[in-house]
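Asker: okay, sequence plus prediction incoming.
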Amino acid sequence: RTSLSLYSCTSGIAKCTLGSLYHGGAVSSTSSLFTAATGSSLSTSERIPSFVQTFQRNQGVQSHFYSTFKGQTTESESDVADMKPLFSKIIIANRGEIACRIIRTCRKLGIQTVAIYSEADRNSQFVKMADEAYLVGPAESAKSYLNVEKIIDVIQKSGAQALHPGYGFLSENSSFSRRLRDAGIVFIGPSEYALEKMGDKKASKEIMEDAGVATVPGYHGTDQDPALLKEEAAKIGYPVMVKAVMGGGGKGMRLVESEQEFDSALKAAQNEARNSFGDDRVLIEKFIKRPRHVELQVFGDSHGNYVYVFERDCSVQRRMQKIIEEAPAPGLSPELRRQMGESAVNAARAVNYEGAGTVEFIMDLDTDQYYFMEMNTRLQVEHPISEMVSGQDFVEWQLLVASGNKLPLTQQQLKCNGHAFEARIYAENPKFNRETGKVEFLPATGKLHYLRTPEEDLERKVVRVDTGVVEGDEVSIYYDPMIAKLCVHGATRDIALKKLKYCLDDYHIAGVPTNIPFLKALATNRDFQDVKLDTNFIPNHKKELFDAVESKIPFAEAFAAAAVVSRVAESNRNNLTVEDSTNPFVRLGGFRVNGEVTQTIEFVSPYEFTVDVRFNNRKPDSYEFTIRKPDEEPEVVQVSGLSINTQTWELKGFFNGVKKVSNTFIKDDEIHVFTRDGSSILKLQRESIGEHEAASEGTLISPMPGKIVDVHVKVGDWVKKDQPLLVLEAMKMQNTINAPRAGRVNMIMAVEDLVGADQVLCEIVEEDEKKE
């Protein structure tokens with residue numbers, strides 16, 4: 001009875017009584033309420049104690065309410081009784097995995113959720129999870145998720161009491177926060193003053209300097225004349241960073257190595273900042289050559305309480321964006337952790353900060369000095385790993401604070417337990433050009449034809465997958481290409497890192513290229529394991545990382561052949577007739593399992609080879625594969641005990657006497673092979689398909705779908721090799737496309753043109769070619 005009463009009065013669900021649980025018509029509505037809160041239905045025959053156990057078990061992370069009930073905090077009973085109720089309904093002005101993550105906590109607390117969605121997101125998971133959902137516009141963010149008038153209209157129609165902005169979009173927009181306040185809607189975040197001061201990099205650095213925290217040397221002035229900015233960059237000394245004043249998440253940021261690069265980098269940063277934040281002001285800062293990126297999670301409330309919930313290391317980045325993070329930051333002394341934590345709290349206190357925020361520092365490895373970089377006035381993408389080591393639910397904390405309550409715990413009560421990693425799973429194609437030394441992470445789009453994730457362990461808080469997609473969903477050109485966040489926890493850094501690698505091995509995606517192989521290369525890199533970290537880690541280790549990515553997995557060809565054989569055998573057993581002419585098994589013609597003669601499977605990618613399959617009629621599910629590659633001796637693989645699970649497509653067998661397990665997925669001509677040794681894509685021979693004519697040396701092909709946002713040259717202009725030609729925007733990032741050679745522009749796309757992957761963007765020809 002005590003547990004139920006405490007839950008009812010503090011969570012803002014409903015004032016339930018024992019009578020309402022057991023009497024007449026109240027049972028149905030109460031059961032529905034508890035179903036929304038816990039994910040479990042409550043029948044009339046269930047007793048109160050079992051519900052309380054279900055509630056406690058389903059919390060996922062230990063709630064403040066349960067902690068208080070168990071006597072684990074020092075708050076008095078009067079403090080609990082005075083707690084203000086939470087909201088009964090909130091709107092989430094975001095999409096994807098963060099919207100799903102917020103909904104999960106709201107369900108736990110019995111809070112109804114309202115989603116907004118664009119036309120492109122109509123069938124997305126967060127729309128299905130929310131209690132209500134409203135269309136706010138077309139796919140473009142500016143006309144949907146950034147459409148303030150439409151969002152406020154939805155708030156009024158839905159009756160939501162508060163708005164959670166998630167991260168990105170309008171989460172750090174003080175004008176939007178003010179509009180909500182004027183409309184009587186609570187913004188689940190800091191005040192407009194804090195948003196303005198900490199969202200302005202210039203003002204925030206001044207605040208930190210007043211608080212005695214060092215900042216990176218640079219130009220933070222209001223004069224935005226390009227010539228002046230270039231002069232200031234020269235005074236600071238190259239290399240420098242051009243940063244959007246209102247930026248974040250790597251948007252509106254460019255590293256400039258020399259004066260020759262400054263003009264184009266400035267323009268690109270300003271364009272990206274304008275499109276992402278509606279403000280193209282920039283500042284110039286000295287680029288620290290050996291920095292670590294360490295950030296502090298902070299919380300504040302309206303009662304003057306502040307805490308830091310430990311630090312995270314986010315040094316491993318690509319395109320100025322984090323891809324793998326860990327908490328706590330390894331290798332820091334207890335004294336340095338305390339100093340950085342206190343500096344972060346001082347920053348929050350200076351602007352009367354309320355809610356969740358992150359104070360980011362750059363640490364110079366040459367001097368061990370740390371510098372304030374910026375404060376993100378929102379929940380951070382990588383917050384789950386701080387939740388794992390602290391045992392807290394930060395969205396629940398946000399809801400508590402926004403409702404006018406005190407922070408659940410004091411600094412002394414917070415404890416850091418173990419170590420956690422987060423790996424961001426992106427739809428992208430990491431590439432390393434070994435001739436030029438250039439590394440690219442080009443975003444990708446497409447349908448998730450096959451998706452298998454590691455098994456989550458939320459009860460022990462060991463494995464967590466935050467995602468907003470399921471198999472069959474699309475990764476579109478309109479939004480960030482992040483598919484999921486894989487988070488793991490272990491007693492030590494070494495255990496957590498091994499767990500991360502193990503779970504990455506279990507993460508299988510087909511339909512779009514991903515960075516999973518690259519993340520595995522990072523997790524197994526010796527210097528990463530030895531905490532030799534800085535923000536240049538990827539450029540400095542690109543060869544060994546891509547050697548690992550491109551390494552051949554054992555038995556790849558045999559697994560692919562085994563997949564074909566197993567599928568054909570399954571089709572024969574089920575007497576399936578497939579008429580689709582694109583089906584690879586139809587095109588195998590007379591190929592039959594358990595025939596009397598050797599039969600051959602032809603592959604064309606990633607290299608040409610054949611597999612001769614010989615069947616052993618005396619031993620069912622036993623085969624001999626002879627793999628023939630050009631200029632190599634044939635490789636013979638004896639396979640026995642071959643079996644395949646047609647639900648999960650897990651393939652098992654003994655290959656040359658060694659038990660091997662893989663997941664295989666076949667789509668059209670492609671066979672995707674996933675094993676603990678790595679993954680590979682092999683393509684079957686197509687029939688009657690002509691080869692594409694190779695693009696000429698001067699033809700630029702779009703590496704991804706997107707939109708042309710800027711063009712620097714016109715038809716007839718003479719250009720130099722590597723001269724910037726145009727800017728292609730995809731997944732909210734701007735990519736400058738340079739000339740592949742010197743020559744004249746014979747053809748080029750125009751601003752606002754939409755382009756698809758592999759579409760011609762520009763043609764550069766020499767004079768004699770043009771005459772022809």
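Answerer: Structure received.
Asker: send the alpha carbons of stretch 666-686 over as PDB?
Answerer: Output in PDB follows, covering the C-alpha atoms of stretch 666-686 (Å, rounded to 0.1, in the frame of the first residue of the first chain):
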ATOM      1  CA  ILE A 666      20.500 -12.600 -49.600                       C
ATOM      2  CA  LYS A 667      19.000  -9.700 -51.400                       C
ATOM      3  CA  ASP A 668      18.800 -10.000 -55.200                       C
ATOM      4  CA  ASP A 669      22.400 -10.900 -56.200                       C
ATOM      5  CA  GLU A 670      24.100  -9.800 -53.000                       C
ATOM      6  CA  ILE A 671      25.000 -12.200 -50.200                       C
ATOM      7  CA  HIS A 672      25.800 -10.600 -46.900                       C
ATOM      8  CA  VAL A 673      27.900 -12.700 -44.600                       C
ATOM      9  CA  PHE A 674      28.300 -11.700 -40.900                       C
ATOM     10  CA  THR A 675      30.600 -13.500 -38.500                       C
ATOM     11  CA  ARG A 676      32.600 -12.700 -35.400                       C
ATOM     12  CA  ASP A 677      35.600 -12.400 -37.600                       C
ATOM     13  CA  GLY A 678      34.000  -9.600 -39.700                       C
ATOM     14  CA  SER A 679      31.500  -9.200 -42.500                       C
ATOM     15  CA  SER A 680      31.600  -9.300 -46.200                       C
ATOM     16  CA  ILE A 681      29.300  -8.700 -49.200                       C
ATOM     17  CA  LEU A 682      29.600 -11.100 -52.200                       C
ATOM     18  CA  LYS A 683      27.700 -10.700 -55.400                       C
ATOM     19  CA  LEU A 684      26.500 -13.500 -57.600                       C
ATOM     20  CA  GLN A 685      27.000 -13.500 -61.400                       C
ATOM     21  CA  ARG A 686      24.200 -11.600 -63.200                       C
END
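Asker: low-confidence regions, the stretch 101-250 of the chain specifically.
Answerer: Along the stretch 101-250 of the chain, the model assigns pLDDT under 70 to residues 248-249.
Asker: partner residues bridging residue 602?
Answerer: As for beta bridges, residue 602 partners with residue 610 under DSSP bridges.
Asker: for it, give me its contacts.
Answerer: 610, 684, 685 (CB atoms under 8 Å, 6 or more residues apart in numbering). (C-beta placed from N, C-alpha, C; glycine too.)
Asker: quick one, grab the pLDDT at the closest residue to residue 491 other than its chain neighbours.
Answerer: Leaving aside its chain neighbours, residue 491 sits nearest to residue 418 (5.0 Å; criterion: CB to CB, 6 or more residues apart in numbering). As predicted, residue 418 sits at a pLDDT of 97.
Asker: how close does residue 523 sit to residue 486?
Answerer: Note on residue 523: its distance to residue 486, by CB to CB, to the nearest Å, is 11 Å.
Asker: more neighbours: these two, which one.
Answerer: For residue 523 versus residue 486, the count of surrounding residues by other CB atoms under 10 Å is larger for residue 486: 27 against 22.
Asker: and the more buried one, which of the three is it?
Answerer: What DSSP: H, G, I helix; E, B strand; the rest coil gives for residue 486 is strand.
Asker: any idea how far apart the tips of stretch 213-220 sit?
Answerer: Its first and final residues considered, stretch 213-220 spans 16 Å by CA to CA, to the nearest Å.
Asker: tell me where the stretch 451-600 of the chain has strands.
Answerer: 463-467, 474-475, 482-490, 508-510, 599-605 (DSSP state E, counting those that start in this stretch).
Asker: which other residues reach the shortest one?
Answerer: This means strand 474-475. Contacts of strand 474-475 (CB under 8 Å, 6+ apart): 427, 444, 445, 446, 447, 448, 469, 481, 483, 512.
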